[in-house]
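> coords please:
(one chain, ligands or ions: 1)
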Amino acid sequence: MSISTNIKYFQSHLPSRVRLVAVSKFHTIETLMQAYEAGQRIFGESRVQELLPKYEVLPKDIEWHFIGHLQSNKVKHIAPFVSLIHGVDSYALLEEINRCGKKIGRIVPCLLQVHIAQEETKYGFSFDELRALLQQEKWQALTNISIRGLMGMASYTDNEEKIKQEFHSLSVFFKELKATYFAADNLFCELSMGMPGDYSLAIREGSTLIRIGSAIFGERNY
Ligand SMILES: *Cc1c(COP(=O)(O)O)cnc(C)c1O
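Numbering: from 1, shown residues only. Sure thing, here's the model as predicted:
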């Protein structure tokens, strides 16, 4: 399948509330351009040093989403242009994003990453950590970040019931936070969940952003 066929497949099959993040890490500028020409405008990258040169040369109407684990010392490089940082998993990182945003006069959109999988290795807040953090009012003083919603990754398993349960728990938690802290904030509306193996389940559970790489671009060359 060509990249353009793959993009068009997603464009025509996704419900209107769901946007496709084309995960383009490890793929070349030329490859990204093929997706761009097929109409794709949201790209996801997971390494700052790879994102910067792509941002430099590719068209400026692309929305760049940072989807990986972001190190504090690299925030300053992407703060000026990034459209959404998906994986904010500590208060220190949120503070650093705020600091960089303030310095350049920009409000940086972020998602808080929640740990929903069984695996130990996945980053993110637990439900209780995030409840505790939001309960303290200090985050409300961070005026140069905009919390747009939550992100989560399900366990890597073929047990569909388990994946469904994990996405469902995130969706319920999203509604809890929305009602408790963001009821008046229309911008808190994104739920980034769903990857190639599990995006259909994620969409059924309320995802608004799915992150797909290989199913669009083919295998990566590391
Ligand atoms: C790489 C990656 C994806 C996409 O995975 P593919 O197997 O390339 O489709 C989705 N989400 C995150 C956080 C990733 O790092």
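
> what's the burial count for G68?
For G68, the number of neighbouring residues by other C-beta atoms under 10 Å comes to 18. The C-beta positions use only the backbone N, C-alpha and C, and glycine is treated the same way.

> what's the answer for L150, then?
The tally of other residues near L150 (other C-beta under 10 Å) stands at 26.

> What of V21?
The burial count assigned to V21 is 24, neighbours taken as other C-beta under 10 Å.

> So it lies in a strand, does it not?
Yes: in this structure, V21 lies within a strand as judged by DSSP: H, G, I helix; E, B strand; the rest coil.

> what's the residue in the chain that the ligand sits nearest to sitting at in phi/psi?
Ranked by C-beta to the nearest ligand atom, the top residue of the chain for proximity to the ligand is G213, at 2.3 Å. Listed backbone geometry of G213 is phi -110, psi -80, with angles given as degrees, to the nearest 10.

> Grab the nearest non-local neighbour of it.
Nearest-residue entry for G213: V23, 3.3 Å, with adjacent residues in sequence omitted and distances by C-beta to C-beta, 6 or more residues apart in numbering.

> ok, that neighbour touching A215?
No: when contacts are counted by C-beta atoms under 8 Å, V23 is not listed as touching A215 (9.4 Å).

> Which of those two has more residues huddled nearby?
V23 (26 against 16).

> How about that one: which residues does it bridge to?
V23 has these beta-bridge partners by DSSP bridges: G44.

> Can you name the residues that contact it?
For V23, the contacting residues are 43-46, 67, 211-213, 216-217, by C-beta atoms under 8 Å, 6 or more residues apart in numbering.
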